[in-house]
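Trainee: sequence unavailable; structure follows:
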């Protein structure tokens, strides 16, 4: 009697497990997963990742932006479905290795010299010949030596045959090629595991099972609660560490689609000096940071230098130079109001700081935030529209279009004319309700190509919008006082009336006063429209 018993569902369960294993280990399943991963990678390359949601709404519209956000296409490489596909691919490829690797490893050690004569006769590629005046042993050794000289591995076997003693010569070459199968599949597993670790899998696991949630508020880092912080023992992460010159920081910021997570580091990074070098054209040549790493456990201070593409490794964490910004320069600005009756005034501040202002008319309090200062701004003033529009068939040259995209990899379709247009400053003016308007002003006149230098004063309502620039022409003294005087004169009705009378008197013969009156009326209306005193009538 046997103690082994089988339930009614054991056989179906075993069959289902076998079928599932066959599916996961099949080549078709692995190729299908690779195809989906390739398509997702293309989407992640074409579509900008980790952008604010409003950017996708402005670019693709509300419907498609909602679809993209629902499918996590804005963060493909950390999306749950992408990580699941990578996990299945790891399992599938590992099963393939576990199934076929023992066979291939066994083939490396065997010569298959035990094959019977009838089996050899059944091979498609075969040949036979008679050996005369030579014993079987001598012939076998001679053939074996010739094969060894050609790079084959040979094994001889003596056999008993009906005709007498015989010899089996087994030879093989290129058996190590089977290691390529194991190496290639192992590489796929390794790359997928790296993708899982680099795709925020560990961070998301802590969010799913560890109670960690993104922080969507604002304020000081020290005031953020523990449920928004990750431990120093976190094995993998990718975040940003913002450090100003003369300060240090030990908390990295991990951007998420709905907020940020704070990653505590086992050390603090102190920025001693930031170094930037430029070419003669103004293009950046070198970005480097002289830092000191302060170990929190031992208190040891380790100096290091971080450059672009030359990171520093400390306690298993790679520190890269990713970007730079102004770290607290003092700025002195002079405000030039365009409203009549307002007087200019000076403002002082520090980049990254803010100052309080009071509206002279309404008494409303506002905050001026100094957000950025760039000493160099390199722009491309090349003729990007020289080839014309593709909408006009008369301007389409198919041959020129194809040849411009063939040849050397450094060939560009349009001419590039890089020019340094000088420093610029960015600031925000925030009202009492918290609504801000952002400004981006260039400090020097810019010649955009028409021969008339202008001051470019940019403004936008939201960060998702591009800057709209007011072009202020330079006067004879190289400033903008002439434009401001004209602006104030346009806002004064008496000055407009005086300008209209002088214009009409100079343009019309005094013998025809009726024409002077008509010209003065039309010119006055044009000046009022230009000054914004009246609204332009809508077209019928």
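Mentor: That came through, no problem. These numbers were taken from a predicted model, which means no experiment stands behind them. Numbering: from 1, shown residues only.
Trainee: list the buried ones in the helix or strand hosting residue 289?
Mentor: Taking DSSP states H and E as the definition, residue 289 sits inside strand 284-295. Going by neighbour count (16 or more other Cβ atoms under 10 Å), the buried part of strand 284-295 is 287-289, 291, 293-294. C-betas here are computed from N, CA, C, even on glycine.
Trainee: most widely separated two among these?
Mentor: Largest separation among the buried residues of strand 284-295 by Cβ to Cβ: 287 and 294, giving 22.5 Å.
Trainee: what about the stretch 1-150 of the chain, any weak spots by pLDDT?
Mentor: Residue ranges of the stretch 1-150 of the chain with pLDDT under 70: 1-12.
Trainee: residues contacting the spatially closest residue to residue 432 that is not a sequence neighbour?
Mentor: In this structure, residue 432 finds its nearest non-sequential neighbour in residue 365, 5.7 Å apart by Cβ to Cβ, 6 or more residues apart in numbering. Contacts for residue 365 were tallied using Cβ atoms under 8 Å, 6 or more residues apart in numbering; they are 356-359, 432.
Trainee: kindly recompute the last result at 10 Å.
Mentor: 356-359, 431-432 (Cβ atoms under 10 Å, 6 or more residues apart in numbering).
Trainee: what do you get for residue 210?
Mentor: Applying Cβ under 10 Å, 6+ apart, the residues near residue 210 are 203, 227, 230-231.
Trainee: need those in a markdown table with neighbour count, secondary structure and distance to residue 62, can you?
Mentor: As requested, these are exported to a markdown table (neighbours: other Cβ atoms under 10 Å; DSSP: H, G, I helix; E, B strand; the rest coil; distance: Cβ to Cβ, whole Å):
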| residue | neighbour count | secondary structure | distance to residue 62 |
| --- | --- | --- | --- |
| 203 | 22 | helix | 29 |
| 227 | 13 | helix | 32 |
| 230 | 22 | strand | 34 |
| 231 | 11 | coil | 39 |
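Trainee: what's the strand holding residue 289 packed up against?
Mentor: strand 248-256, strand 259-278, strand 301-307, strand 312-314, strand 317-319 (3 or more Cβ pairs under 10 Å, 6 or more residues apart in numbering; DSSP states H and E).
Trainee: what do you get if the cut-off is 6 Å, keeping everything else the same?
Mentor: Counting contacts by 3 or more Cβ pairs under 6 Å, 6 or more residues apart in numbering; DSSP states H and E, strand 284-295 is packed against strand 259-278, strand 301-307.
Trainee: take the ones you listed and lay them out in CSV including distance to residue 376.
Mentor: Output for the helices and strands packed on strand 284-295, formatted as CSV (distance: least, Cβ to Cβ, whole Å):
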stretch, distance to residue 376
strand 259-278, 6
strand 301-307, 19
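Trainee: return the member of the ones you listed having the minimum mean pLDDT.
Mentor: Mean pLDDT is lowest for strand 259-278 among the helices and strands packed on strand 284-295, at a mean of 88.
Trainee: now the terminal residues of stretch 360-379, how far apart.
Mentor: Using Cα to Cα, to the nearest Å, one end of stretch 360-379 lies 37 Å from the other.
Trainee: cool, and stretch 315-328?
Mentor: 30 Å.
Trainee: any idea of the mean pLDDT in that stretch?
Mentor: Stretch 315-328 comes out at a mean pLDDT of 82.
Trainee: now do stretch 510-518
Mentor: The average of the pLDDT scores along stretch 510-518 is 78.
Trainee: neighbouring contacts of it?
Mentor: 504, 508 (Cβ atoms under 6 Å, 6 or more residues apart in numbering).
Trainee: for that stretch, buried residues please.
Mentor: For stretch 510-518, by 16+ other Cβ under 10 Å, it's residue 516.
Trainee: now flag whichever of the buried residues of strand 284-295 is closest to residue 376.
Mentor: Here the nearest of the buried residues of strand 284-295 to residue 376, counting by Cβ to Cβ, is residue 287; it sits at 12.3 Å.
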